[in-house]
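>>> the sequence and its predicted three-dimensional model are supplied below.
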Amino acid sequence: MKSVVVGLSGGVDSSVAAYLLQQQGYEVIGLFMKNWHDDTVTTSNDCPWLEDSNDALLVAEKLGIPFQTVDLSEEYKEKIVDYMFDEYEKGRTPNPDVLCNREIKFDVFMKIALSLGADYVATGHYCRKGEIEVNGEKVYQLLAGVDNNKDQSYFLCQLSQEQLAKSLFPIGELTKPEVREIALELDLVTAEKKDSQGLCFIGKVRLPEFLQQKLQPKEGQIIQIDKGISEYNFIKQEGLSVEEE
């Protein structure tokens, strides 16, 4: 029997992902990643890690699968948070979620999962994995999820072939309503839980306060562009070629 470690985040998507893999005959292990401790930069009670880890534990108990928590906060700070500060300091807008998937979920986390003897790592991302043959060799494809409103393939765009080879995305063929329906039928505690928003594993943050932990304000001009300018109101003209458009 093949084994898979599911990144149980305490949300409905990863909960249903674990259930589907169980139904497919895998030996499933739930693993919760604790990547952030500082609640002072998050707004209200959005995505508190303690509540999420408790929900993940309850889901694991409901499904009858082993459950562990791993603390990756040191790696997360080094690889994701420090990168954010560095990019903002250089005047660029970073995308921490793309980096988080490449460096944390499918690197540090995946190595831990494989060290436990797992054959695969699975997440609750809305995307799919395909396989094609190129010059006699197997090549893995990252495909969009069936649900156009929830497709998350973009956030996994930097995964390597080695990472994709060991990854499973069980809910990629489902829509969000279908996932919630399954969770409701199973009476999972996460069934009607709202989707988390904000930084990967941190939640909604007070971004100015977050950045001011390390960065000093700089003087400069703020230029506001009127929303009425023609570039904001482009109307496609008939008969134009792709180049002309």
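Yep, that arrived.
>>> ranges for the helices of this protein?
12-23, 49-63, 73-76, 82-89, 96-100, 109-115, 161-165, 176-186, 207-211 (DSSP state H).
>>> TSV for these, including mean pLDDT and mean neighbour count?
For glycine as for every other residue, the C-beta is placed from the backbone atoms N, C-alpha and C. Output for these, formatted as TSV (pLDDT from 0 to 100; neighbours: other C-beta atoms under 10 Å):
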stretch	mean pLDDT	mean neighbour count
helix 12-23	98	24
helix 49-63	92	19
helix 73-76	91	17
helix 82-89	90	15
helix 96-100	90	19
helix 109-115	96	17
helix 161-165	97	15
helix 176-186	98	16
helix 207-211	77	15
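>>> now for these, which one comes closest to Lys194?
helix 12-23 (9.3 Å; C-beta to C-beta).
>>> quick one: low-confidence ranges for the protein?
Residues of the chain meeting the criterion pLDDT under 70: 37-48, 197-205, 234-236, 242, 245.
>>> hmm, 90 instead?
34-52, 73, 77, 81, 84-85, 88-89, 91, 93, 95-97, 194-245 (pLDDT under 90).
>>> strands along that one, start to end?
Under the criterion DSSP state E, the chain carries strands at the ranges 3-7, 27-34, 67-71, 120-122, 127-134, 137-144, 167-168.
>>> distance from the chain centre to the fifth one, please.
On the basis of C-alpha atoms, centre = their mean, to the nearest Å, strand 127-134 sits 20 Å off its chain's mean C-alpha point.
>>> got a list of what Gln24 touches?
Pro170 (C-beta atoms under 8 Å, 6 or more residues apart in numbering).
>>> now do it against Val179, distance only.
As judged by C-beta to C-beta, to the nearest Å, Gln24 and Val179 stand 16 Å apart.
>>> now do Glu185
Relative to Val179, and taking C-beta to C-beta, Glu185 is found at 11 Å.
>>> next, count neighbours for Ser160.
Residues near Ser160, counting by other C-beta atoms under 10 Å, number 11.
>>> now it: phi and psi?
phi -80, psi 170 (degrees, to the nearest 10).
>>> including mean neighbour count, could the strands of the chain go into TSV?
Shown next, in TSV, are these (neighbours: other C-beta atoms under 10 Å):
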stretch	mean neighbour count
strand 3-7	25
strand 27-34	22
strand 67-71	15
strand 120-122	22
strand 127-134	13
strand 137-144	14
strand 167-168	22
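>>> those: which one's closest to Ile104?
The nearest among the strands of the chain, by C-beta to C-beta, is strand 27-34 at 7.3 Å.
>>> how far off centre is that closest one?
Its chain's C-alpha centre and that of strand 27-34 lie 15 Å apart, by C-alpha atoms, centre = their mean.
>>> packing partners for it?
strand 3-7, helix 12-23, helix 49-63, strand 67-71, helix 109-115 (3 or more C-beta pairs under 8 Å, 6 or more residues apart in numbering; DSSP states H and E).
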